[in-house]
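>>> model this:
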Amino acid sequence: MSVIKYIGRTTDFNGKTLWEIVGNLKNFGVGRVVVRSMFERYTEPSYMRILKVEALPNEETRKVKVTVEKTFRGRTYPKPAVIESVSYKADYRLLHKHEEESYCRVNTPQDEKVIPLEIDMPPLLREFVKKETGKTNPKIAIKLKPGYNNHYRLARDNEEANVEVTMGIGKPASPSLYAGCGI
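Presented below is the predicted three-dimensional model:
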């Protein structure tokens, strides 16, 4: 008996490519709901309703251009999204028609996370800034990248943050390594 040895990168993908799914459906699946397995890790529903399908000229790559109504983590995008560059990934699955209504229902409204405007500096940088400026407790302003998928925002004037952001090492895997360090 021979031993099978796999060579190359492994993936966490679980499913079929969009090419395989839409190619086997009537009307190329327009109106059907497709789920990306990678996004099923979130508690909120993430899915795509197919609006239009176009074949791409290079058949070897097995990519397809799909226009979808995209919902990510319970929020539906205002404009249709085009999936083209990631359509070759074997990470999609088609929802059965009887599953669509229950899967696509948003159960709870999402709370928006409010982040403070400033956080403490890292310890070494804090010591340098203290020495240079003379400030006893210097802070760093937080900059957030804007985006539609953000479930968070910076606190406005006189608004209290509901998320605590700290500068630290977090919970270490082996606390015994840091015993006696004062961390």
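>>> residue contacts, residue 172?
residue 178 (Cβ atoms under 8 Å, 6 or more residues apart in numbering). For glycine as for every other residue, the C-beta is placed from the backbone atoms N, C-alpha and C.
>>> is it true that residue 28 touches residue 54?
No. Using Cβ atoms under 8 Å, residue 28 makes no contact with residue 54, being 9.1 Å away.
>>> Same drill for the two, tell me which one is more crowded.
residue 28 (17 against 11; other Cβ atoms under 10 Å).
>>> Would you map out the domains in this structure?
The chain breaks down by automatic domain parsing into domains covering 18-103, 113-169.
>>> Distance check, the residue nearest the centre of the chain against residue 87.
With distances taken as Cα atoms, centre = their mean, residue 39 lies nearest the centre of the chain, 7.2 Å away. Look at residue 39 and residue 87: by Cβ to Cβ, to the nearest Å, they are 15 Å apart.
>>> same thing with residue 54?
From residue 54 over to residue 87 the distance is 11 Å, taken as Cβ to Cβ.
>>> which stretches of the chain form helices?
Listed from the start of the chain, the chain has helices (DSSP state H) covering 18-23, 97-103, 123-133.
>>> Now tabulate those in JSON lines and tack on mean pLDDT, distance to residue 115 and mean neighbour count.
Compiled in JSON lines, the helices of the chain are given as follows (pLDDT from 0 to 100; distance: least, Cβ to Cβ, whole Å; neighbours: other Cβ atoms under 10 Å):
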{"stretch": "helix 18-23", "mean pLDDT": "90", "distance to residue 115": "36", "mean neighbour count": "21"}
{"stretch": "helix 97-103", "mean pLDDT": "89", "distance to residue 115": "31", "mean neighbour count": "11"}
{"stretch": "helix 123-133", "mean pLDDT": "89", "distance to residue 115": "20", "mean neighbour count": "12"}
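>>> would you turn these into TSV with distance to residue 46?
Shown next, in TSV, are those (distance: least, Cβ to Cβ, whole Å):
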stretch	distance to residue 46
helix 18-23	15
helix 97-103	10
helix 123-133	38
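>>> Which among those helices is found nearest to residue 79?
helix 18-23 (19.5 Å; Cβ to Cβ).
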